[in-house]
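J.: here you go, sequence then predicted model.
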Amino acid sequence: MSETVNLHQAPDAMTLHRALWAGRIMSAVVVIALVADGTIQLFAPAQIASTLQETGFAMDLTRIVGPIILVCAILYAIPATAVLGAILVTGFLGGAICAHVRIGELGSPPELISLLLGALTWGGLYARDPRIRALLPISH
């Protein structure tokens, strides 16, 4: 009888292990993208000057936005602050989407990338954090 129970528990443990790693990978993609964006904003703002100009942002804002992005990435990467980080990342990405909608770039690559990163942010957190799965259960 105990073998039957173990056989039924093994797939659940394996599924949770795979979900944990999938969540870590999705979260790593988000953190890498945010760190890259924040680093460019801080150390190479000339590379994004045309994008800033198109969206109506001043070049000197990169000194403010860059650290904000990096703080969001760090908060999201730390398990104890990941939920706060996800909320802040979502707000930042929503602002990026809004900036492109404002200038008439509906469905532009930056918007789609922001949308994808937002989905990866919450998908990764959902897969790696049992508190989020308990809060938002997906039933079969």
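T.: Structure received. Keep in mind that this is a model prediction, so the values were computed, not measured.
J.: element containing the residue nearest the centre of the chain, please.
T.: Geometric centre of the chain, nearest residue: Thr121, 3.0 Å, by C-alpha atoms, centre = their mean. Using DSSP states H and E, the element containing Thr121 is helix 109-128.
J.: give me the low-pLDDT residue ranges for the protein?
T.: Flagging of the chain using pLDDT under 70 yields the residue ranges 1-11, 139-140.
J.: quick check: what element follows the helix holding Thr121 along the chain?
T.: Following helix 109-128 in sequence, per DSSP H and E, is helix 130-135.
J.: now that following helix: how far from the chain's centre is it?
T.: The chain centroid and the centroid of helix 130-135 are separated by 17 Å, computed with C-alpha atoms, centre = their mean, to the nearest Å.
J.: residues in contact with the nearest residue to Asp37 once chain neighbours are set aside?
T.: Distances taken as C-beta to C-beta, 6 or more residues apart in numbering place Ile69 nearest to Asp37, at 5.5 Å, with adjacent residues excluded. Yep, even glycine has a C-beta here, placed from its N, CA and C like the rest. Ile69 is in contact with Leu34, Val35, Asp37, Gly38, Gln41, Phe92, counting by C-beta atoms under 8 Å, 6 or more residues apart in numbering.
J.: need the max-distance pair from those.
T.: Greatest spatial distance among the contacts of Ile69 (C-beta to C-beta): Val35 and Phe92, at 13.1 Å.
J.: ok, back up a step: neighbour-wise, which of the contacts of Ile69 leads?
T.: Leu34 (24 neighbours; other C-beta atoms under 10 Å).
J.: surely it touches Leu88?
T.: No - using C-beta atoms under 8 Å, Leu34 makes no contact with Leu88, being 10.2 Å away.
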